[in-house]
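Engineer: okay, sequence plus prediction incoming.
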Amino acid sequence: MVGNNHRPLFPDPERALDRLKYEVAEDLALDDAIKERVWGNMTTREVGKIGGQMVKCLVKKAEKGSLNG
């Protein structure tokens with residue numbers, strides 16, 4: 001039996017996703033909306049744009065084989 005190494009692939013995935021989320025929001029010019037209204041008061045459309053772009057970015061990185069950075 002092969003030994004299991006239960007170390008996560010990425011040491012802090014939540015932090016990495018938060019960084020990506022703010023990076024994408026800035027690219028979409030929604031960073032001011034986040035500052036003014038915080039995440040809970042943003043529209044579904046605004047949050048959906050951010051999430052959609054995050055997915056596109058992650059897919060591109062995965063295709064390149066560069067999810068680490």
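Structural biologist: Arrived safely. Numbers count the residues shown, from 1 in each chain.
Engineer: from the chain's centre, how far out does the least confident helix or strand in the chain by mean pLDDT sit?
Structural biologist: None of the helices or strands of the chain scores lower by mean pLDDT, DSSP states H and E than helix 31-37, at a mean of 90. Mean-position distance between helix 31-37 and its chain equals 17 Å (Cα atoms, centre = their mean, to the nearest Å).
Engineer: again with stretch 34-54
Structural biologist: Distance of stretch 34-54 from its chain centroid, counting by Cα atoms, centre = their mean, is 12 Å.
Engineer: do stretch 19-27 as well
Structural biologist: Computed by Cα atoms, centre = their mean, the separation of stretch 19-27 from the middle of its chain amounts to 7 Å.
Engineer: low pLDDT regions in this protein?
Structural biologist: Within the chain, the stretches with pLDDT under 70 are 1-4, 8-9, 66-69.
Engineer: hey, where'd the helices end up in it?
Structural biologist: Applying DSSP state H to the chain gives helices spanning 13-27, 31-37, 44-64.
Engineer: rewinding a little: which residues sit against the least confident helix or strand of the chain?
Structural biologist: Residues from elsewhere that reach helix 31-37 (Cβ atoms under 8 Å, 6 or more residues apart in numbering): 22, 25, 42, 46. (C-beta placed from N, C-alpha, C; glycine too.)
Engineer: rerun at 6 Å
Structural biologist: 25, 42 (Cβ atoms under 6 Å, 6 or more residues apart in numbering).
Engineer: follow-up on the earlier one: among the helices of the chain, which is nearest residue 7?
Structural biologist: helix 13-27 (12.4 Å; Cβ to Cβ).
Engineer: taking helix 44-64 as reference, get the angle to that closest one.
Structural biologist: Put simply, helix 13-27 runs at 110 degrees to helix 44-64, going by axes from the mean of the first three to the mean of the last three Cα atoms, to 10 degrees.
Engineer: buried residues in helix 13-27, which are they?
Structural biologist: Buried positions in helix 13-27, judged by neighbour count with 16 or more other Cβ atoms under 10 Å: 20-21, 24-25.
Engineer: just to revisit the earlier point, make CSV out of the helices of the chain and add distance to residue 6.
Structural biologist: Output for the helices of the chain, formatted as CSV (distance: least, Cβ to Cβ, whole Å):
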stretch, distance to residue 6
helix 13-27, 14
helix 31-37, 35
helix 44-64, 22
